[in-house]
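Asks: what would the 3D arrangement of this be:
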Amino acid sequence: MGSSSEIQFGAVMKKECFHFEGGVTFINHGSYGAVPLKIREKQKQLLDEVNDNPDEFYRLKEHDLYMSARDAAAKFTGADPENLFFVQNTTTGVNSVLKSMEWKKGDGILTTVFTFRGVANACQRVAEISSGVHIHQFDIRLPIRDEQEVVKSMTVQLEKHPQVRLVLLDHITSHTALVFPLKKMIEECRKRDVLVLIDGAHAPGQVELNLEDLQPDFYTGNFQKWLYAPRGCAILWISKKHHDWCTPLVTSLTRDNIPYFIVPDVLDFYRLIGGMEKIHRYTGPLLEKACSLIAERLGTTTPDIPKTMAAPNMRLILLPEYRDYTAETEEGVMFKDLMTKYRINCAIFPAQGQLYLRLSANIYNELSDYVKIADVLENLPRR
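Replies: Numbering: from 1, shown residues only. The predicted structure is shown next:
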């Protein structure tokens, strides 16, 4: 691979830097990410080192590899290295915080209607094992006129439920690709002495981060999505004031930490391809064309939201009313049919009683990828 100025995104990038199963259209980077060949080779190399001489690796090499990776991750996210820890994924990060807290009867957790299901399940489990903890939600309705609508929806619930101890906010909502106005929301929580835990699953690599400036109480985010790390690589940032009680879910000396150790290589790849600015210059126009194309072909629309709340690499498109798929029955059915019958990997989610297509765009995508799904969706039987 040459310098970033020489790198061509789209089909060339896909051929030279990635390897996908032949015949599959991949427009769902947001769910599982994609690992470049260069990173996969590094992962295999380290795995061989572990298996060739595990004693030497765990006793002499692992600590330095971990600290080097942590420092690189901290620099990239604007974090004090002492506040940053690696976890397998954001759900693990959320669980680490929730299950470290000493909950009391009457305490509340405030989430949103768009909270990721695995995270919502973790909150529900805390409520079950800590008798008397209540889960509350604040609503977000599409379309959204301005950021203040979302802030107000949260503060109304905080005023209604003064015993809420922790608010769990998305940086970018998983199913609906909304960027929350976190600074404003954190400020409102601070006024009420409420802790803030940010689920940043989709943020690292997609939006700029400066965690010491943002100053939530906790922030967890994946490196395995928009930063091209191997799966099983995420961060958990913990404010210093909580270090004495927030502890790991499991204390263990031996596990596969290789996805963490590759973080310096991952960030080198990210910089080599041009970084966030160059990626956005490619994915932004691509998504705009793809959304216009698909919405026009389907006779539908994209949700009206403030530009500041639009995720750079993901968009929503309203789907028409299909005969065989509805928001009430969608539990991955349409997902699976598009994947198995048409060899298209995409994301379909229900929201507000309607089905939406969540598009992802990355450096290996081209407009032709989105033409393929438009062809399929346009010809599905409707009601």
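
Asks: in the stretch 101-250 of the chain, which spans are helices?
Replies: 117-129, 147-160, 182-191, 211-214 (DSSP state H, counting those that start in this stretch).

Asks: next one: the host helix or strand of Asp64 to chain centre, how far?
Replies: In this assignment (DSSP states H and E), Asp64 forms part of helix 62-77. Centre-to-centre, helix 62-77 and its host chain are 21 Å apart (Cα atoms, centre = their mean, to the nearest Å).

Asks: likewise for stretch 6-19?
Replies: Counting by Cα atoms, centre = their mean, stretch 6-19 comes out at 23 Å from the chain centroid.

Asks: picking that back up, nearest to Asp71, out of the helices of the stretch 101-250 of the chain?
Replies: helix 211-214 (14.2 Å; Cβ to Cβ). Using the backbone N, CA and C atoms, a C-beta is placed for each residue, glycine as well.

Asks: break this protein down into its domains, please.
Replies: Under the assignment automatic domain parsing, the domains of the chain span 4-32+274-379, 47-270.

Asks: kindly reformat those domains as CSV containing mean neighbour count and mean pLDDT.
Replies: Output for these, formatted as CSV (neighbours: other Cβ atoms under 10 Å; pLDDT from 0 to 100):
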stretch, mean neighbour count, mean pLDDT
domain 4-32+274-379, 17, 95
domain 47-270, 18, 97
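
Asks: ok, back up a step: closest to Thr77 out of the helices of the stretch 101-250 of the chain?
Replies: helix 211-214 (5.3 Å).

Asks: and the closest one, what does it pack against?
Replies: Other elements packing on helix 211-214 under the criterion 3 or more Cβ pairs under 8 Å, 6 or more residues apart in numbering; DSSP states H and E are helix 182-191.

Asks: residues contacting the helix it packs on, please?
Replies: Applying Cβ atoms under 8 Å, 6 or more residues apart in numbering, the contact partners of helix 182-191 are 147-148, 150-151, 154-155, 158, 167, 169, 171, 195-196, 198, 214-216.

Asks: at 7 Å instead, please
Replies: Outside helix 182-191, the residues that touch it by Cβ atoms under 7 Å, 6 or more residues apart in numbering are Glu147, Val151, Met154, Thr155, Val167, Leu169, His171, Val196, Ile198, Leu214, Gln215, Pro216.

Asks: just those now: which is nearest Phe223?
Replies: His171 (13.8 Å).

Asks: tell me who's in contact with that closest one.
Replies: Applying Cβ under 7 Å, 6+ apart, the residues contacting His171 are Phe180, Leu182, Ile198, Asp199, Gly200, His202, Ala203.

Asks: distance of it from Asn210?
Replies: 12 Å (Cβ to Cβ, to the nearest Å).

Asks: show me the strands in the chain, by range?
Replies: For the chain, strands defined by DSSP state E occupy the ranges 25-26, 84-87, 108-112, 134-138, 164-170, 195-199, 218-222, 234-238, 314-318, 344-345, 347-351, 354-360.

Asks: turn those into a markdown table, columns for distance to Ala122.
Replies: Converted to a markdown table, these look like this (distance: least, Cβ to Cβ, whole Å):
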| stretch | distance to Ala122 |
| --- | --- |
| strand 25-26 | 29 |
| strand 84-87 | 13 |
| strand 108-112 | 10 |
| strand 134-138 | 11 |
| strand 164-170 | 9 |
| strand 195-199 | 10 |
| strand 218-222 | 11 |
| strand 234-238 | 14 |
| strand 314-318 | 23 |
| strand 344-345 | 26 |
| strand 347-351 | 19 |
| strand 354-360 | 22 |
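
Asks: for these, which one sits closest to Phe335?
Replies: It is, among the strands of the chain and with distance given as Cβ to Cβ, strand 347-351, at 5.4 Å.

Asks: that closest one vs strand 314-318, what angle?
Replies: Angle between the axes of strand 347-351 and strand 314-318 is 60 degrees (criterion: axes from the mean of the first three to the mean of the last three Cα atoms, to 10 degrees).

Asks: tell me the neighbouring strands of strand 347-351, and mark each as parallel or antiparallel.
Replies: Strand 347-351 has the following sheet partners, assigned by DSSP bridges: strand 354-360 (antiparallel).
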